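In: Following is a predicted model, sequence given first.
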Amino acid sequence: MGSLNLEGLKTVRFSFADQHGVLRGKTLAVSEVKAALERGVTVTSTLLLKDTSHRTVFPAFTPGGGVGMPELQGAADVLMIPDPSSFRVLPWAPDTGWFLCDLKLQDGRPVPYCTRSLLKDALQQSPYEMICGLEVEFHVFRIKDENLKPSDAGQPGNPPSVELLTTGYQYLTEQRYDMIDPVVEILRKNLAALQLPLRSFEVEFGPSQFEFTFSPLPALAAADAMVLLRSAVKQVARRHGYHATFMCRPNLPNVMSSGWHLHQSLSKAGKNVFVSEKEDLSETGKQYLAGLLAHARGACALSTPTINGYKRYRPYSLAPDRVIWGKENRGAMVRVIGSPGDPATRLENRIGEPAANPYLYFASQLYSGLDGLQRKLAPPPSADTPYEAKADFLPRTLGEALAALREDACLRSGLGETFVDYYCRMKQAEIARFQLEVSEWEQREYFDLF
């Protein structure tokens, strides 16, 4: 097992990020780790067929397993192949190690629905290295009731009942930060032990809302860090009586939307190719920016993959509502950050929600930007008044975003027809379930009136 130090461990978790960016896998006794590193760990392929309620969307027991792949028929196994460089000891779980894995078929070929592998493919096709910095907003609440009665179970089950840590609206005030500091400290110590490159810890605008930011990392490392961050924050918080959620807009009074702002640049031979000595952005950077704008509507289905996330796109809210860019403008979809000669010149795409699968989010950005380079696209003028700009609106619903993704030849080619069709079908099943539910809004609007 090379240089891996398993001394003192009793169990090791082997996990992969599923189609939603949620970690799934198995926990093995430490005596089984050597065999797992040599041969992989089997898991049922139906894990790849489930929507966000954990319902199996595709008919796994029909020919081709519902996705046209005989290798997956009948809930056949696939293999989790551990990445040795991902190994961590989990500071909150006694005597427990952890590996992040890629998915392979039993004959060694990659599973076409493994989203980490899809990002690897995108990065291999790029003549540049993609560098990413993350700004992640999320909420942490105190749990009032776990809601673990048998009647609370289901697909999905009832979430816990919660109360606030703060009443919010004192953005970046030290007093409010000090109120949440005991919880931040619990999270910070555990995340530091995981060697995540956290840069800042902030009290956000809304009640019980946090923002953590990362130092820049190569794209795959940044995506892995995001997956680990979300899982760690939720697990650590729950062990201490708190509920952390990366849901964009929880249905709680006065609570604000959370976004995930993705800072990105391209590097070659260690040099940031977005830097210009005379302008705020190089020609390469401008063409990449134009690509992000050209494919923004289709990429929405990957950067904002939940029905809930589209409730964030609203004017005058520090969130974008249309396909535009601006110099140092937080109302624009893409914010250009930098000045002539600034080595930290970059693009901040403010389109994403914190529930997005990072591998798909990053891949959508890279394919979009590289298409701008290949076609030498030019961005439109900067939108200095972002909520009055004449430009295409971002999709208003997940269904609209999926339609845009289906029609986007660049993203379909990059991610593959097989994956895009699979992804859209899974998300359409989520939408279909949503449309059958009677909402609180409908009850208030019609129950008494009619």
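Out: Noted; the coordinates are in hand.
In: in the stretch 1-150 of the chain, which spans are strands?
Out: 11-17, 23-29, 41-44, 77-82, 88-89, 96-104, 129-145 (DSSP state E, counting those that start in this stretch).
In: helices or strands up against the shortest one?
Out: Strand 88-89 is packed against strand 96-104, with contacts defined by 3 or more Cβ pairs under 8 Å, 6 or more residues apart in numbering; DSSP states H and E. Just so you know, the C-beta spots here come from the backbone N, C-alpha and C atoms, and that holds for glycine as well.
In: what's in contact with the strand it packs on?
Out: Applying Cβ atoms under 8 Å, 6 or more residues apart in numbering, the contact partners of strand 96-104 are 6, 9-17, 25, 27, 30, 33, 40-41, 48, 78-84, 86-90, 110-111, 113-114, 116-117, 120, 224, 227-228.
In: what separates it from the chain centre, distance-wise?
Out: How far strand 96-104 lies from its chain's middle: 18 Å, per Cα atoms, centre = their mean, to the nearest Å.
In: still on that earlier bit, can you redo the strands of the stretch 1-150 of the chain as TSV with distance to residue 294 and mean neighbour count?
Out: Shown next, in TSV, are the strands of the stretch 1-150 of the chain (distance: least, Cβ to Cβ, whole Å; neighbours: other Cβ atoms under 10 Å):
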stretch	distance to residue 294	mean neighbour count
strand 11-17	28	24
strand 23-29	33	16
strand 41-44	38	18
strand 77-82	35	21
strand 88-89	38	16
strand 96-104	30	22
strand 129-145	18	20
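In: between those, which one is nearest to residue 384?
Out: strand 129-145 (22.4 Å; Cβ to Cβ).
In: what pLDDT, on average, does the very next helix or strand once past the closest one get?
Out: The first helix or strand that comes after strand 129-145 along the chain, using DSSP states H and E, is strand 161-163. Averaged over strand 161-163, pLDDT sits at 96.
In: Please point out which parts of whichever helix or strand comes after strand 161-163 sit buried.
Out: Heading C-terminal from strand 161-163, the first helix or strand you meet, by DSSP H and E, is helix 174-193. Applying a neighbour-count criterion of 16 or more other Cβ atoms under 10 Å, one finds 176, 177, 180, 183, 184, 186, 187, 188, 190, 191 buried in helix 174-193.
In: what's helix 174-193 packed up against?
Out: Using 3+ Cβ pairs under 8 Å, 6+ apart: helix 174-193 touches strand 198-203, helix 219-239.
In: Quick check: which of those is buried the most?
Out: Across the helices and strands packed on helix 174-193, the average number of neighbours (mean count of other Cβ atoms under 10 Å) peaks for helix 219-239, which reaches a mean of 21.
In: quick one: that helix to strand 23-29, angle?
Out: 70 degrees (axes from the mean of the first three to the mean of the last three Cα atoms, to 10 degrees).
In: Next up, the contacts around residue 81.
Out: So residue 81 contacts 40, 101, 102, 103, 104 (Cβ under 8 Å, 6+ apart).
In: Compute the distance between the closest residue to the last one other than its chain neighbours and residue 14, please.
Out: The spatial neighbour of residue 104 that comes closest, neighbours along the chain excluded (Cβ to Cβ, 6 or more residues apart in numbering), is residue 79 at 4.7 Å. For residue 79, the distance to residue 14 under the criterion Cβ to Cβ, to the nearest Å works out to 10 Å.
In: Sort out which residues of stretch 262-270 are buried, please.
Out: 262, 263, 264, 265, 266.
In: and these, which of them are in strands?
Out: 262, 263, 264, 265, 266 (DSSP state E).
In: Residue 325: which of the residues you listed is nearest?
Out: residue 264 (13.0 Å).
In: before we move on, the earlier item: what's the most distant pair in the buried residues of helix 174-193?
Out: Farthest pair in the buried residues of helix 174-193 (Cβ to Cβ) is 176 and 190. Separation: 22.2 Å.
In: Quick check: which element contains the most centrally placed residue in the chain?
Out: Among the residues of the chain, the one closest to the centroid is residue 356, at 2.8 Å (Cα atoms, centre = their mean). Counting by DSSP H and E, there is no helix or strand that carries residue 356.
In: try the one 4 residues further on
Out: Using DSSP H and E, the secondary-structure element containing residue 360 is helix 358-374.
In: Please apply the same query to residue 243.
Out: For residue 243, the host element (DSSP H and E) is strand 242-245.
In: Can I get that strand in PDB, CA atoms only?
Out: Written as PDB, here are the backbone C-alpha positions of strand 242-245 (Å, rounded to 0.1, in the frame of the first residue of the first chain):
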ATOM      1  CA  TYR A 242     -26.600  21.500  13.700                       C
ATOM      2  CA  HIS A 243     -28.100  21.100  10.200                       C
ATOM      3  CA  ALA A 244     -26.000  22.400   7.300                       C
ATOM      4  CA  THR A 245     -27.600  22.800   3.900                       C
END
